[in-house]
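>>> Sequence plus predicted model, see below.
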Amino acid sequence: MNIYQKLLSALGFKAVSAPKNAEHVRAYRLFLGSQGTLRPRECWQLYNSVGTLAKSVDLIAECVASLKPVVKINGEIVEDHPALDVLAVPGFNRTRRRLIKQLAVQQLVTGNCYLSLLGNVKVPPSALDVLRAQNITIIEGPDGWPGTYQLNDQYQHQNFRRDPESIIDFRWFDGPFSEIIPIYDIEGDVRGVGLSPLQAVVEEINLKLTGMRHNRSLLTNGAKTSGVMSIKGSITPEQFASVREQAQEQLSGHDNAGRIMFASGDGLDFKPTTMSNVDMDYSELIKMVDDAIITRYSIPGPLYNSDTQTLDNYKESWRALYENAALPLFTVIYSGLARAFSQRFDEYIEFEHDKLSNSVLADAAVDKAIKLSGARLVTPNEAREEIGFEPMAGGDAIWDLPGMIPQFEDMWTGYEDVIDHESAKPRTPSKLEDQTGKETGEGARKLLSVLPGGAA
């Protein structure tokens, strides 16, 4: 035990040497992998091995990265806030899109993403970096929350220790110029450690990988036998091994598919076979596994399977993808950024997405505004604001049929408050006449009798 580990032990932390396969280490049990929980490195290997998983993750991450953030201070939108400048040029040869996409992929695969803020920890950061979850080792503190985040890769080693002054909103620093921001959605079995979405479908993914290896082996070994050859009579084990070796060289493998197989026996006999290669027909298995993965990540089927696509459901599927997958992940990532920036800029910062800068969300906003305005549930100016249009004169009233009367006005009550009878008293004709001068009928007389100032 070195001096650093002794110091951590004296302070109540469990000091553990960082393994090459970095993961969470609890004070009283072994690695999470032995308990059935996926390690970040295992999650990353699955992402690199399963095409359906990689496609699903990349699709959602790209949608999140394409959304334009808007800064709100105390609920009001602030244009050209310095936080946007930091995100626009985060450093390390990254743009905002690359930074957010890397965070999104880490979050979707491992359940955790780690943002490193560089620069004086008391002022706005000068650069942002993304730390890979598979290179992070978490040492638990005495209260169960992470006490130290250890970064171990082939290029750098850092120890982010919890600030003792942060009692509720924890912060972890590696000296006065580096801070780590852990971002996750929901915790798993351990405090402060996010749960990977892959945990729920790991068995299905393993089933797919096993099926792929099985069928690859079938292809390599010739897929099926076309016959069985037995040797009649007694031969020595050496002779049988020689015959079998020759058969393996000349008959097995995909280049030898359909050739004859040898077996021991009395004499030589050949029997043709008609074995069907049902083992190779695993399309239903693959479809079941793919459906499980895309369902876990809330991806609509028409976006993945072109056979089910139509013009209508393709459009609606993109909206469902943003509403059920991209926007929730946007909230998770930008909530972590907002918390970090609020501490650094010393003001309450919130991030929202600019829906009008995204074609899918903008179309959805237009359809919503048309629907609400057509049903006269909102004013025209409220509908125009929903899609980024300027207000128009007379657009603050809801006009209803018949006669396009404003719904907030009542022509039959409050008449005394609207008209000053001393200065603008309505004319009461001596006799009821219509516009042609002819005397009106009894129906009009009754109508005018109920109007304020009307004839009796």
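Nice, I can see it. Residues are numbered from 1 along each chain as shown.

>>> just for this protein, where's the confidence low?
For the chain, the stretches flagged by pLDDT under 70 are 1-36, 211-212, 214-229, 232-233, 250-283, 400-456.

>>> For Leu53, see how far away Tyr314 is.
When distance is defined by C-beta to C-beta, to the nearest Å, Tyr314 is 22 Å away from Leu53. The way it works is simple: take the backbone N, C-alpha and C, and place the C-beta from them, glycine included.

>>> So between these two, which is more surrounded?
More crowded of Tyr314 and Leu53, by other C-beta atoms under 10 Å: Leu53, with 26 against 14.

>>> Now do the helix or strand hosting the more buried one: which elements does it pack against?
With the criterion set as DSSP states H and E, the secondary-structure element containing Leu53 is helix 51-66. Helices and strands touching helix 51-66, as assessed by 3 or more C-beta pairs under 8 Å, 6 or more residues apart in numbering; DSSP states H and E, comprise helix 40-49, helix 96-110, helix 283-296, helix 301-304, helix 311-321, helix 327-345.

>>> repeat that with 6 Å
Helices and strands touching helix 51-66, by 3 or more C-beta pairs under 6 Å, 6 or more residues apart in numbering; DSSP states H and E, are helix 96-110, helix 283-296.

>>> most neighbours per residue, which of these?
Mean neighbour counts were compared across these using mean count of other C-beta atoms under 10 Å; the top stretch is helix 96-110, at a mean of 23.

>>> packing partners for that one?
For helix 96-110, the helices and strands in contact under the criterion 3+ C-beta pairs under 6 Å, 6+ apart are helix 40-49, helix 51-66, strand 112-118.

>>> if you set the cut-off to 7 Å instead, what comes out?
If you count contacts as 3 or more C-beta pairs under 7 Å, 6 or more residues apart in numbering; DSSP states H and E, helix 96-110 packs onto helix 40-49, helix 51-66, strand 112-118, strand 127-131, helix 327-345.

>>> Redo these as TSV? Include distance to Glu390.
Converted to TSV, the helices and strands packed on helix 96-110 look like this (distance: least, C-beta to C-beta, whole Å):
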stretch	distance to Glu390
helix 40-49	46
helix 51-66	26
strand 112-118	38
strand 127-131	36
helix 327-345	26
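
>>> closest one to Val289 among those?
Closest of the helices and strands packed on helix 96-110 to Val289 is helix 51-66, at 7.3 Å (criterion: C-beta to C-beta).

>>> mind listing what's buried in that closest one?
Buried residues in helix 51-66, counting neighbours by 16 or more other C-beta atoms under 10 Å, are found at 52-53, 55-57, 59-61, 63-66.

>>> cool, stretch 156-174 as well?
Counting neighbours by 16+ other C-beta under 10 Å, the buried set in stretch 156-174 is 158-162, 171-174.

>>> Restricted to strands, list these.
Among the buried residues of stretch 156-174, the ones falling in strands (DSSP state E) are 158-162, 172-173.

>>> Closest one of those to Ala369?
Distance from Ala369 was checked for each of these by C-beta to C-beta. The minimum falls on Trp172, at 44.5 Å.

>>> Quick check: that closest one vs Tyr348, distance?
22 Å.

>>> Next, the distance between the ends of stretch 384-393.
Start to finish, the residues bounding stretch 384-393 are 12 Å apart (C-alpha to C-alpha, to the nearest Å).

>>> Name the residues of that stretch that are buried.
Neighbour counts using 16+ other C-beta under 10 Å place 384, 386-387 of stretch 384-393 among the buried residues.

>>> Check stretch 68-83 too.
Judged by neighbour count using 16+ other C-beta under 10 Å, the buried positions of stretch 68-83 are 69-72, 81, 83.

>>> and what of stretch 301-321?
Judged by neighbour count (16+ other C-beta under 10 Å), stretch 301-321 contains these buried residues: 302-304, 317-318, 320-321.

>>> got a list of what Asp185 touches?
With contacts taken as C-beta atoms under 7 Å, 6 or more residues apart in numbering, Asp185 has the following neighbours: 194, 332.

>>> Kindly recompute the last result at 8 Å.
Under the criterion of C-beta atoms under 8 Å, 6 or more residues apart in numbering, the neighbours of Asp185 are 107, 111, 194-195, 332.

>>> and which of the residues you listed is nearest Val378?
Each of those was checked against Val378 using C-beta to C-beta; the closest is Val332, at 30.3 Å.

>>> dump the residue contacts of that closest one.
Val332 neighbours (C-beta under 8 Å, 6+ apart): 107, 183-185.

>>> repeat that with 6 Å
Neighbour list for Val332: Asp185 [criterion: C-beta atoms under 6 Å, 6 or more residues apart in numbering].

>>> any idea how far Asn112 is from it?
11 Å.

>>> next one: Leu285
31 Å.

>>> Now do the SS call for the residue lying closest to Ile370 once chain neighbours are set aside.
Leaving out its chain neighbours, the residue that sits closest to Ile370 by C-beta to C-beta, 6 or more residues apart in numbering is Ala383, at 7.4 Å. Following DSSP: H, G, I helix; E, B strand; the rest coil, we place Ala383 in the helix state.

>>> burial measure for Ala383, as a count.
For Ala383, the number of neighbouring residues by other C-beta under 10 Å comes to 21.

>>> Great, nothing more from me.
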